[in-house]
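Based on what follows, work out the 3D shape:
(one chain, ligands or ions: 2)
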Amino acid sequence: METIEYDVVVIGGGPAGENAAQYAVEGVEVNGRAMTAAIVEHELLGGECSYWACMPSKALLRPIAVADVTADLPGVSTAHVTPKALLERRDSWVSHYDDSGQVSWAEGAGLAVHRGTGWLVGERTVQVSTSSGDDVLLRARRAVVIATGSAAHVPEQYAAALPWDSRDATGVIEVPDRLVVVGGGVVACEAAIWMQALGSEVTLLVRGPRLLERMEPFAGEAVLAGLRERGVTVHLGTSVSDVRRDSPEATGTGRVHGGAVTLTTSAGELVVDEVLLSIGRSPLLDGIGLESVGLAPDDVTGGRLPDWLHAVGDASGGAPLTHWGKHQARLVGARIAAAAVGEVAWEPDREAPVPQVVFSDPEVASVGLTEAEAREAGHDVVTSRVPTSSAAGTGLLRDHIAGESQLVVDRESRLVLGATFVGPEVAELVHAATVAITGGVPVHVLRHAVASYPTSSELYLRLLEELPRELRTPPPPPVVE
Ligand SMILES: Cc1cc2nc3c(=O)[nH]c(=O)nc-3n(C[C@H](O)[C@H](O)[C@H](O)COP(=O)(O)OP(=O)(O)OC[C@H]3O[C@@H](n4cnc5c(N)ncnc54)[C@H](O)[C@@H]3O)c2cc1C
Ligand SMILES: NC(=O)c1ccc[n+]([C@@H]2O[C@H](COP(=O)([O-])OP(=O)(O)OC[C@H]3O[C@@H](n4cnc5c(N)ncnc54)[C@H](O)[C@@H]3O)[C@@H](O)[C@H]2O)c1
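Ligands and ions are numbered 1, 2, ... in the order given. Prediction:
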């Protein structure tokens, strides 16, 4: 078997793997020789995000959001979604499932791409099985990075019915007349919108009492009202006990997978044409040879790895979000690069807060701790909440503005712990809160960050004004006895 040496070998070429490889070697020379890295990828370079997750879902949702605005904005005629053109836009944003652009980027960045499935066979050693049948061994002089992503959960009771997963929803070709979406998380709240806009009659079956259960309750309530308003049926507190399908058939991604599906649920029996299962994802760590180096998947997600092995992105067990995986990858890449030249990479003391935007209607954008998480962590919490329409800039966006926005503040330090914005186009509002948390900007200082009139950012002034007056000044110095 041929053996090739690189400084760094990355298993998995999604956004996290690509960034780890790039940051580990970019501009780094050791003894006058440029660092080298290889990415092993067995599907498309760019990963889930580029072809089956973030990009296609947002390409589908944006025109729907724009059409919604025109329906609520006097002075323009109302636009309507045209399903064929919407799917063509999706196809263009996923480059027709062709990754040659990403391969060119990798080659331009000096990264080698090995097509095939990779797994560890020993310390710093990855075997790659290629479609031609010629396996190759990649030896990493410095580090191996696991960036294999995650896989959707498919409980046993659904497996024989061949339900859709998120790839079928983002890659939809045949629009089922009646679609059940199981789950009340991010995929469910986003996919229900585009599937309904494409013509499906959508029913959400949510096991828990609310949508978006990891976010502030008022966010899930607003999204629930939004979905119902656009004609989506939502059953909360509903479990599925049996799933049967007539003639299940593996017809391919985005096509209806057979005949009618009958679901027995705590809300009664439902007969539909397709079921989209969106009940979470787990790190993809099976079959990557962890046992060959004495490790188990829990060691990866628990951060118990030898110094030559790293994990980034969904595979690490951290927040399964592209920007978070890329952040982890930049940190890991910088650590590998610094270690190669005998240095230690600089990192801030404080761990960065995780932002997330749900591109539902209304949108939800949040960062840091929810109120409940902050209290559980022992903070003396103060919150301020205002209608998202309460700034002139947000009010101008459209006629009807649903949703509220909230800051969670630590009373003692005056620091922002978390923020949630619910409403139209709030995605861009959250970054200022992310900056405030990352930079440790207390609210009495944040009040002096003046937003232009009339922009949505003036909502910060409204939120800060709602806080108790005593938080407008620095905390008193500690009394020295
Ligand atoms: C429908 C949907 C929408 C989403 N929308 C957003 C969004 O708007 N914003 C956001 O931040 N996040 C979003 N996410 C989450 C986001 O897609 C993931 O967090 C992100 O893709 C994780 O990146 P990654 O590099 O860790 O893994 P992936 O993107 O999954 O990439 C892993 C890569 O590794 C390859 N691989 C796996 N095992 C091997 C092996 N043994 N050998 C070789 N190659 C291997 C895979 O083929 C894949 O290309 C969405 C997820 C879904 C499902
Ligand atoms: N805009 C974005 O950032 C975006 C968009 C889509 C997906 N994502 C990422 O993808 C990940 C996966 O999304 P998701 O919606 O599949 O997961 P999720 O974790 O967001 O939601 C899972 C939902 O399924 C429910 N559930 C769990 N097990 C169940 C079961 N056995 N039966 C019925 N219901 C069950 C949960 O109560 C929850 O409502 C998310 O964690 C998110 O980070 C991000």
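
interface residues of the stretch 51-200 of the chain facing ligand 1?
53-54, 57-58, 117-119, 147-149, 166, 170, 187 (Cβ under 6 Å from any ligand atom). (Each C-beta comes from the backbone N, C-alpha and C, glycine too.)

Was I right to think I193 contacts I64?
Yes. I193 lies in contact with I64 (Cβ atoms under 8 Å); the separation is 6.2 Å.

quick one: which two of the residues of the stretch 51-200 of the chain next to ligand 1 are the most distant?
Largest separation among those by Cβ to Cβ: K58 and W119, giving 32.3 Å.

returning to that earlier point: just put the residues of the stretch 51-200 of the chain next to ligand 1 in CSV and tack on neighbour count, secondary structure and pLDDT.
CSV is the format used below for these (neighbours: other Cβ atoms under 10 Å; DSSP: H, G, I helix; E, B strand; the rest coil; pLDDT from 0 to 100):
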residue, neighbour count, secondary structure, pLDDT
A53, 23, coil, 98
C54, 19, helix, 98
S57, 23, helix, 98
K58, 17, helix, 98
T117, 19, strand, 97
G118, 27, strand, 98
W119, 17, strand, 98
A147, 32, coil, 98
T148, 33, coil, 98
G149, 25, coil, 98
S166, 23, helix, 98
T170, 26, helix, 98
V187, 24, helix, 98
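
The stretch 51-200 of the chain: strands as residue ranges?
Under the criterion DSSP state E, counting those that start in this stretch, the stretch 51-200 of the chain contains strands at 111-115, 117-122, 125-129, 136-146, 150-152, 178-182.

Indicate the residue of the stretch 151-300 of the chain located nearest to ligand 1.
Taking Cβ to the nearest ligand atom, ligand 1 has its nearest neighbour within the stretch 151-300 of the chain at S166, 3.7 Å off.

Out of the helices and strands in the protein, which is least certain?
Within the chain, no helix or strand scores below strand 29-30, which has a mean of 90 by mean pLDDT, DSSP states H and E.

now for it, which elements pack on it?
Counting contacts by 3 or more Cβ pairs under 8 Å, 6 or more residues apart in numbering; DSSP states H and E, strand 29-30 packs against no other helix or strand.

Check what contacts the next helix-or-strand element following it and list those residues.
Remark: after strand 29-30, the chain's next helix or strand is strand 33-34, criterion DSSP states H and E. Here strand 33-34 makes contact (Cβ atoms under 8 Å, 6 or more residues apart in numbering) with 25, 28, 110.

which one is S405 nearest to, not counting chain neighbours?
F421 (4.4 Å; Cβ to Cβ, 6 or more residues apart in numbering).

Just confirm the one you found is within a strand.
Yes. Per DSSP: H, G, I helix; E, B strand; the rest coil, F421 lies within a strand segment.

ok, now how distant is it from E466?
14 Å (Cβ to Cβ, to the nearest Å).

between these two, who's got more neighbours?
F421 (29 against 15; other Cβ atoms under 10 Å).

picking up where we left off before, go back to the residues of the stretch 51-200 of the chain next to ligand 1 and keep what's next to ligand 2.
The residues of these that also fall near ligand 2, by Cβ under 6 Å from any ligand atom, are V187.

quick one: contacts for the residue most central in space within the chain?
Taking Cα atoms, centre = their mean, the centroid of the chain lies closest to L321, which sits 2.9 Å from it. By Cβ under 8 Å, 6+ apart, the contact set of L321 is 354, 356.

Could you tell me what pLDDT the model assigned to it?
As predicted, L321 sits at a pLDDT of 98.

who's in contact with the residue of the stretch 51-200 of the chain found nearest ligand 2?
Residue of the stretch 51-200 of the chain nearest ligand 2, by Cβ to the nearest ligand atom: G185 (1.9 Å). G185 makes contact with 211-214, 278-280, according to Cβ under 8 Å, 6+ apart.

out of those residues, which are buried?
Buried members of these, scored by 16 or more other Cβ atoms under 10 Å, are 211-212, 278-279.

need those residues in TSV with pLDDT, secondary structure and distance to A329, can you?
TSV is the format used below for these (pLDDT from 0 to 100; DSSP: H, G, I helix; E, B strand; the rest coil; distance: Cβ to Cβ, whole Å):
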residue	pLDDT	secondary structure	distance to A329
L211	98	coil	30
L212	98	coil	26
S278	98	coil	25
I279	98	coil	27
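
how about those residues in CSV, adding distance to ligand 2?
What follows is those, written out as CSV (distance: Cβ to the nearest ligand atom, whole Å):
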residue, distance to ligand 2
L211, 7
L212, 7
S278, 4
I279, 4
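
Have a look at the chain and report its longest helix.
helix 322-340 (DSSP state H).

C-alpha coordinates for the helix or strand that that helix is followed by, CSV please?
Using DSSP H and E, the next helix or strand after helix 322-340 towards the C-terminus is strand 355-358. Extracted as CSV, the C-alpha positions of strand 355-358 are listed here (Å, rounded to 0.1, in the frame of the first residue of the first chain):
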residue,chain,number,x,y,z
PRO,A,355,-25.0,32.3,18.4
GLN,A,356,-27.7,30.7,16.4
VAL,A,357,-30.3,31.9,13.9
VAL,A,358,-33.4,29.9,13.1
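
Can you name the residue of the stretch 101-250 of the chain nearest ligand 1?
G149 (2.3 Å).

Find the nearest non-adjacent residue to that residue, please.
Leaving aside its chain neighbours, G149 sits nearest to D314 (4.7 Å; criterion: Cβ to Cβ, 6+ apart).

can you confirm that neighbour is in a helix?
Yes. The assignment for D314 (three-state DSSP) places it in a helix.

I'd say it and S150 touch.
Yes. D314 lies in contact with S150 (Cβ under 8 Å); the separation is 3.6 Å.

These two: who's more crowded?
D314 (30 against 21).

How much space separates that one from ligand 2?
D314 is 8 Å from ligand 2, where distance means Cβ to the nearest ligand atom, to the nearest Å.

same thing with V479?
In terms of Cβ to the nearest ligand atom, V479 sits 45 Å off from ligand 2.

returning to that earlier point: show the contacting residues for the residue nearest to S405.
By Cβ under 8 Å, 6+ apart, the contact list for F421 reads 363-366, 388, 403, 405, 429-430, 459.

one more time with 10 Å, if that's ok
219, 357, 362-367, 388, 394, 403-407, 427-430, 433, 456, 459, 463 (Cβ atoms under 10 Å, 6 or more residues apart in numbering).

Help me confirm that A147 comes into contact with L309.
No. If you go by Cβ atoms under 10 Å, A147 and L309 don't touch, sitting 11.8 Å apart.

still on that earlier bit, can you give me the distance of the residue nearest to S405 to V364?
Remark: distance between F421 and V364 (Cβ to Cβ) = 7 Å.

Identify the contacts common to the two.
With Cβ under 10 Å, 6+ apart as the test, F421 and V364 both reach 219, 357, 403, 427, 430.

Which one (most neighbours) among those?
Ranking those using other Cβ under 10 Å puts A219 first, with 29 neighbours.
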